[in-house]
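Peer 1: Need coordinates for the following:
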Amino acid sequence: MRTQRTVVIVAGLLLAALSLQGAPQDPIASLQALQPPAARTRILVLATFHLRQIQKEFKPVMLDRLIAELAAFRPDAVCIESLPGARVREYELRKEAGPLYGDVLDSFGKRHRNLAAAALPVVKVSPEAAALREAELVSALTRLKPEERTAQARATLALWMAAAYDPVSAALQWSYLTADEKRTQTAVPVDLAALLDAACAEVNEGPALAIPLARRLGLQAVEPVDDFEDLEAYARIDAELEKESRENALLAAASKAPIYAESDVLIKQCLERGDLWPVYAFFNSPRYARADVDAQWGVFLRTHFPSGADRSRLGLWENRNLKIAARIRAVAALHPGGRILVIYGAAHKPFLDDYLSRMADVSVVELDPLKAPTSSGTSRTTPPSG
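Peer 2: Sure, this is the predicted structure:
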């Protein structure tokens, strides 16, 4: 009897070993094992609320502490929640495919198109050709010493960036110029100059946060990495989703989750104090991420709509974040072993963190809410100027 038990145990062990040998291997884990963590590209996804919510109360000094901390991270590239020019161009070509394309162009693509409309008659090439020229000029300017980067060269680059549907980078180059330099440069026409001034003054994450940070770091462009759900697929569920969402008790309760009331109170307090650093510490905390994911997205697995549009909505949200993560990874691929900062709406951060952490050569790092800059508001490490 003992011999039979021994035979059964040995046979079981052999089968287990053979099963393991034939089991599919995790390719990402295998690659991660080859790259020491210290050598990986570090990506920090900064969760933000949309600053246009506070445009009447906003003052640039409110972001000084946050910008100092981000500058100490010393990112090699700053990614922002803005559509790449090529994506806007694609939506223009597909505008007849459905009304959602026009909606995106009229909202998220409006600045791209307005600046391009003023710049393209000057450069007299297509937006695609302008994008190639933009890349050449960015490369050339990057190779120069800061003192060699003239106002005329920056104005010329701003013109080509505007023509290439890259409005935030164009505003960045324009922001490097003094008022006198803006008056004396000859590359940017008056109508485009007015649009660039307006773009620089807009209260959102690009002009108010990414541009001052990029200028402090001496960067010549920012990286637009936004994307949207498959718009044609979204159009297929839109009517049912709206119909079944209307007056749904679970969705109504989710929008009033305690975490959102807490954030509203904190924003108000920080506006009164004139420092938004605690707000960013809160939005980048694991507690906020967990509560937000459950309220905004977990609810769609509890509503059980007869049409299934709730699950489709969640699936398309994941689809959008996967595409954004892919764009960020493409930027990171050009900075191996470097640092990438991603400034994005807070709802995206948990998903982007998770997707990016599964990549072979990447380590996701966090904003440490306990580690503030020096009391003077200056960074511990002085980055280069532009």
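Peer 1: quick one: residue 80 and residue 239, what's the gap?
Peer 2: 32 Å (C-beta to C-beta, to the nearest Å). No exception for glycine: its C-beta is placed from N, CA and C like everyone else's.
Peer 1: same deal with residue 342?
Peer 2: Residue 342 is 33 Å from residue 239, by C-beta to C-beta.
Peer 1: ok, these two, which is more surrounded?
Peer 2: residue 342 (29 against 11; other C-beta atoms under 10 Å).
Peer 1: Now the host helix or strand of the more buried one: buried residues?
Peer 2: Secondary-structure assignment from DSSP states H and E places residue 342 in strand 339-345. Going by neighbour count (16 or more other C-beta atoms under 10 Å), the buried part of strand 339-345 is 339-344.
Peer 1: what's the answer for stretch 354-365, then?
Peer 2: 355-356, 359, 361-365.
Peer 1: In helices, which of those residues appear?
Peer 2: 355-356 (DSSP state H).
Peer 1: can you redo the buried residues of stretch 354-365 as CSV with pLDDT and distance to residue 302?
Peer 2: Below are the buried residues of stretch 354-365 laid out as CSV (pLDDT from 0 to 100; distance: C-beta to C-beta, whole Å):
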residue, pLDDT, distance to residue 302
355, 98, 24
356, 98, 28
359, 94, 31
361, 94, 37
362, 96, 33
363, 95, 34
364, 96, 28
365, 95, 33
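Peer 1: between the buried residues of stretch 354-365, which is closest to residue 216?
Peer 2: Lowest distance from residue 216 to the buried residues of stretch 354-365 (C-beta to C-beta) belongs to residue 365, with 19.5 Å.
Peer 1: can you list contacts of the strand holding residue 342?
Peer 2: 41-50, 70, 73-81, 205, 209-210, 213, 225, 324, 328, 331-332, 352 (C-beta atoms under 8 Å, 6 or more residues apart in numbering).
Peer 1: Alpha carbons only: can I get that strand in CSV?
Peer 2: C-alpha atoms of strand 339-345 as CSV (Å, rounded to 0.1, in the frame of the first residue of the first chain):
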residue,chain,number,x,y,z
ARG,A,339,12.3,60.5,-16.2
ILE,A,340,8.9,61.2,-17.6
LEU,A,341,6.2,63.4,-16.0
VAL,A,342,2.6,62.9,-17.0
ILE,A,343,0.0,65.6,-16.0
TYR,A,344,-3.4,64.1,-16.3
GLY,A,345,-7.0,64.3,-14.9
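Peer 1: and that strand, how far out from the chain's middle?
Peer 2: 5 Å (C-alpha atoms, centre = their mean, to the nearest Å).
Peer 1: what stretches of the stretch 251-386 of the chain score poorly on pLDDT?
Peer 2: Along the stretch 251-386 of the chain, segments meeting pLDDT under 70 span 369-386.
Peer 1: can you pull out the helices in it?
Peer 2: Remark: helices assigned in the stretch 251-386 of the chain by DSSP state H, counting those that start in this stretch are 258-273, 277-283, 286-292, 309-333, 349-357.
Peer 1: again with the stretch 101-250 of the chain
Peer 2: So, for the stretch 101-250 of the chain - with DSSP H, counting those that start in this stretch - the helices run 110-123, 127-143, 151-163, 167-175, 179-184, 190-201, 205, 211-217, 231-245, 249-255.
Peer 1: Adding distance to residue 29, write the ones you listed out as a markdown table.
Peer 2: Listed next are the helices of the stretch 101-250 of the chain as a markdown table, based on distance: least, C-beta to C-beta, whole Å:
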| stretch | distance to residue 29 |
| --- | --- |
| helix 110-123 | 40 |
| helix 127-143 | 35 |
| helix 151-163 | 40 |
| helix 167-175 | 36 |
| helix 179-184 | 52 |
| helix 190-201 | 44 |
| helix 205 | 34 |
| helix 211-217 | 33 |
| helix 231-245 | 32 |
| helix 249-255 | 35 |
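Peer 1: from these, which stretch is densest packed?
Peer 2: Burial of the helices of the stretch 101-250 of the chain is given as mean neighbour count (mean count of other C-beta atoms under 10 Å); helix 167-175 ranks first at a mean of 28.
Peer 1: Can you pull the domain assignment for the chain?
Peer 2: 34-81+225-386, 85-219 (automatic domain parsing).
Peer 1: and the shortest one, how far apart are its ends?
Peer 2: I take that to be domain 85-219. 19 Å (C-alpha to C-alpha, to the nearest Å).
Peer 1: returning to that earlier point: name the stretch among the helices of the stretch 251-386 of the chain that sits most buried.
Peer 2: The stretch of these with the highest mean neighbour count (mean count of other C-beta under 10 Å) is helix 277-283, at a mean of 21.
Peer 1: circling back to that earlier point, out of the helices of the stretch 251-386 of the chain, which is closest to residue 166?
Peer 2: Here helix 309-333 is closest among these (C-beta to C-beta), at 14.0 Å.
Peer 1: orientation of that closest one relative to helix 349-357 in degrees?
Peer 2: 50 degrees (axes from the mean of the first three to the mean of the last three C-alpha atoms, to 10 degrees).
Peer 1: Which neighbouring elements make contact with helix 309-333?
Peer 2: Applying 3 or more C-beta pairs under 8 Å, 6 or more residues apart in numbering; DSSP states H and E, we find helix 309-333 packed against strand 41-48, strand 77-80, helix 231-245, strand 339-345, helix 349-357.
Peer 1: Quick one: closest of these to residue 200.
Peer 2: strand 77-80 (14.4 Å).
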